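Undergrad: Using only what follows, build the 3D model:
(one chain, ligands or ions: 1)
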Amino acid sequence: MISVTEGAPELASGLVQALRAAGAKACLQDSANAVNAACVIMTEGLSEGSITERHWQVLEACCRLQLEGRKLILLERAQADELTHVSGLQGLSRTLSQEWPATDIVTWSLEGREEDGFPSIVQALSAGVGNVVFAGKQAHELKVMGAPVRSRRAQSERNAWFVSGGGRGVTAACVIRLAQMQPGSVFLLAGRSPIVEWPHHLPMMKDIKSLRMALIEDARSRGLKPVLPDIDRQAKALLASAEIRQTLNAIETAGAEAVYLMADVSDADGLQRAMQDAVAQYGPVTGLVHGAGVLADSLADKKTPREVQRVFRPKVEGLLNILACLDISRLRHVGLFSSAAAVFGNVGQSDYAMANAWLNAVARELSHQLPDAIVKSFCWGPWEGGMVDDTLAAHFAQRGIQLISLEDGARIFADQILFGEPSETELVIGDEWTS
Ligand SMILES: NC(=O)c1ccc[n+]([C@@H]2O[C@H](COP(=O)([O-])OP(=O)(O)OC[C@H]3O[C@@H](n4cnc5c(N)ncnc54)[C@H](OP(=O)(O)O)[C@@H]3O)[C@@H](O)[C@H]2O)c1
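TA: The predicted structure is shown next:
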């Protein structure tokens, strides 16, 4: 028996009819109820609800319906004019295959009208097909490229770049390198952290433990009782601010102009206000880099809607908000900071893998819409920096996965976003991994 969930009710009943017409035993299934079927086809990914909610519903339904020996097939749109209609479920199925090795779980991405994909679905059911895209009757795997290390041609140009998350972390390293290659450009860097003054009586330091101690001693020397959570917040804010200043200085030293916009990209109104003045002053944005992102790692069956929202707000909703503020037709370079987790899956990162797989789908869509632009989704392996702390670094080392150095990653990024081959949209940078 094949059961088709009712996430997108009309498409689900159309698919059941197509399956029955082909002689299969198929029924509609409310995903809230237990099922006996050996194979469940999930249509939640084809529903048109809010993007974060839709991904959460698929994840939740997977957790409810997974069973040893059962096949779960997640359907999604591979392309759509509305970016909110494409999904990142290939990242989810690849992650869940690692978290639940006894469950056979794949994503089938449909190009074109969903109904046109039904005959391919019927055929593929007996063929044991993995994660694929159906284009008419053809099925193909998503094309990802390894990034070439050298540029193909030299080109000099001035751009107004908008860079979410560009003040800190690995995106900052990439942007500094870009500024060195395009010194005539202006860089609008957006992040939530405020720029605050470093206390004049404290020496500069980069290590958070030493800074916490210095702040505690400083508070005590002034007769105050240090409150540890406040000290921690203050230390993080000071380090973030110092890093942003360093980035701004490095860009200016390269000869380019650097402006920091304190803005949360997931706050559509706040972002609009921050960008309006900047665009009025520096002209339309012609280069976009989307680096804002956070992690909220935990196993799929422990995930909460809050965690999924936490990951989706900057990466997914943030990008939609940024695009809504821009004249997209002016974009000549687009770089989205995705992750190898979207391509290979990664235990504990079902939400992060979905969000990044969605970025990859958006890059494919934008590269169609902007034939004169270079659009890249950088599916980074782990870096030596940014969100990879010592614990994560040790975890990757244990798995034999090498970290990308700041220098190598930044060089590959700048090279690819300026001179990369436009048809190579998704690049995997770093080691491949499977589990
Ligand atoms: N490091 C890696 O190994 C690695 C691997 C694969 C992919 N990536 C991707 O690369 C990007 C950068 O990662 P990273 O390692 O540099 O992380 P990071 O050090 O934690 O930096 C994240 C950056 O995003 C900004 N940000 C987060 N939420 C934001 C929001 N709502 N609005 C505006 N800015 C926001 C942060 O600035 P504020 O905190 O000031 O807002 C910060 O600049 C992420 O998208 C990540 O998924 C990183």
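
Undergrad: ok, whichever residue of the stretch 1-150 of the chain sits closest to the ligand - how many residues close by?
TA: Going by C-beta to the nearest ligand atom, the ligand is nearest to G91 of the stretch 1-150 of the chain, at 12.0 Å. Every C-beta, even on glycine, is put in place using the N, C-alpha and C of the backbone. Residues lying near G91 (other C-beta atoms under 10 Å) number 34.

Undergrad: which SS class is it?
TA: Following DSSP: H, G, I helix; E, B strand; the rest coil, the label given to G91 is helix.

Undergrad: contacting residues for it?
TA: Counting by C-beta atoms under 8 Å, 6 or more residues apart in numbering, G91 touches A341, A342, V343, G345, S350, Y352, A353, M354, A355, N356, A357, W358.

Undergrad: so what's the closest residue to F118 other than its chain neighbours scoring on pLDDT?
TA: Spatial nearest neighbour of F118, chain neighbours left out: A18 (4.1 Å); criterion: C-beta to C-beta, 6 or more residues apart in numbering. pLDDT recorded at A18 is 95.

Undergrad: pLDDT score for the residue lying closest to R313 once chain neighbours are set aside?
TA: Spatially, and ignoring its direct neighbours in sequence, R313 is nearest to S266 (3.8 Å; C-beta to C-beta, 6+ apart). At S266, the model reports a pLDDT of 98.

Undergrad: Check the one 5 residues further on too.
TA: The confidence metric pLDDT takes the value 97 at L271.

Undergrad: Hmm, I322 and it touching each other?
TA: Yes: L271 lies in contact with I322 (C-beta atoms under 8 Å); the separation is 6.9 Å.

Undergrad: Name the residues contacting each of these two.
TA: Contact with both L271 and I322 is made by residues V265, according to C-beta under 8 Å, 6+ apart.

Undergrad: what pairs with the lowest-mean-pLDDT helix or strand in the chain, and is each one parallel or antiparallel?
TA: Here the helix or strand of the chain ranked lowest by mean pLDDT, DSSP states H and E is strand 145-146, holding a mean of 76. The strands beside strand 145-146 in its sheet (DSSP bridges) come out as strand 426-429 (parallel).

Undergrad: got the buried residues for the strand it pairs with?
TA: Across strand 426-429, burial judged by 16 or more other C-beta atoms under 10 Å covers E426, L427, V428, I429.

Undergrad: before we move on, what about stretch 213-229?
TA: Using 16+ other C-beta under 10 Å as the test for burial, stretch 213-229 gives A214, L215, I216, A219.

Undergrad: what does the protein put close to the ligand?
TA: Taking C-beta under 6 Å from any ligand atom, the part of the chain that reaches the ligand is made up of 164-165, 167-171, 190-193, 240, 264-266, 291-294, 314, 318, 337, 339, 380, 382-383, 386-388.

Undergrad: Now the buried members of those.
TA: Neighbour counting by 16+ other C-beta under 10 Å classes 164-165, 167-171, 190-193, 240, 264-266, 291-293, 314, 318, 337, 339, 380, 382-383, 386, 388 among these as buried.

Undergrad: For the residue of the stretch 301-435 of the chain found nearest the ligand, list the residues it contacts.
TA: Closest residue of the stretch 301-435 of the chain to the ligand, C-beta to the nearest ligand atom: G386 (2.1 Å). Counting by C-beta under 8 Å, 6+ apart, G386 makes contact with R168, G169, V170, T171.

Undergrad: From the residues of the chain next to the ligand, which land in helices?
TA: Judged by DSSP state H, helices contain the following of these: G169, V170, T171, A240, G318.

Undergrad: give me the number of residues near the nearest residue to I417 once chain neighbours are set aside?
TA: In space, and not counting its chain neighbours, I417 is closest to G335: 4.4 Å by C-beta to C-beta, 6+ apart. Neighbour count of G335, defined by other C-beta under 10 Å: 29.

Undergrad: my guess is G335 meets F413, correct?
TA: Yes: between G335 and F413 there is a contact under C-beta under 8 Å: 6.7 Å.

Undergrad: Between those two, which contacts overlap?
TA: With C-beta under 8 Å, 6+ apart, G335 and F413 have common neighbours C174, F378.

Undergrad: thinking again about what came up before, would you check how far apart the residue nearest to F118 and S50 are?
TA: Distance of A18 to S50, computed by C-beta to C-beta, to the nearest Å: 28 Å.

Undergrad: Kindly report the same for L215.
TA: With C-beta to C-beta as the criterion, L215 and S50 are 41 Å apart.

Undergrad: Name the helix or strand for the residue nearest to I417, please.
TA: Counting by DSSP states H and E, the element that carries G335 is strand 333-339.

Undergrad: gap between the helix or strand following that strand and the chain center?
TA: Using DSSP H and E, the helix or strand that follows strand 333-339 in sequence is helix 340-344. Its chain's C-alpha centre and that of helix 340-344 lie 10 Å apart, by C-alpha atoms, centre = their mean, to the nearest Å.

Undergrad: Same check on stretch 299-315?
TA: Relative to its chain's centre, stretch 299-315 lies at 13 Å (C-alpha atoms, centre = their mean).

Undergrad: 702 is where my numbering starts, stick with that
TA: Okay, using 702 as the starting number, the last item reads as stretch 1000-1016.

Undergrad: Could you pull out the buried residues of that stretch?
TA: Within stretch 1000-1016, the residues that qualify as buried are A1001, K1004, E1008, V1009, Q1010, R1011, V1012, F1013, R1014, P1015, K1016, counting by 16+ other C-beta under 10 Å.

Undergrad: of all of the stretch 752-901 of the chain, which residue lies closest to the ligand?
TA: The nearest approach of the stretch 752-901 of the chain to the ligand comes at G870, 2.1 Å away (C-beta to the nearest ligand atom).

Undergrad: Could you check the pLDDT of that residue?
TA: G870 carries a pLDDT value of 96.

Undergrad: One more: S732?
TA: S732 carries a pLDDT score of 58 in this model.

Undergrad: in the stretch 702-851 of the chain, which ranges drop under the pLDDT threshold?
TA: Filtered on pLDDT under 70, the stretch 702-851 of the chain yields the residue ranges 732-736, 848-851.

Undergrad: So L989 is in contact with L1032, correct?
TA: Yes: L989 is within contact range of L1032, at 5.7 Å (criterion: C-beta under 8 Å).
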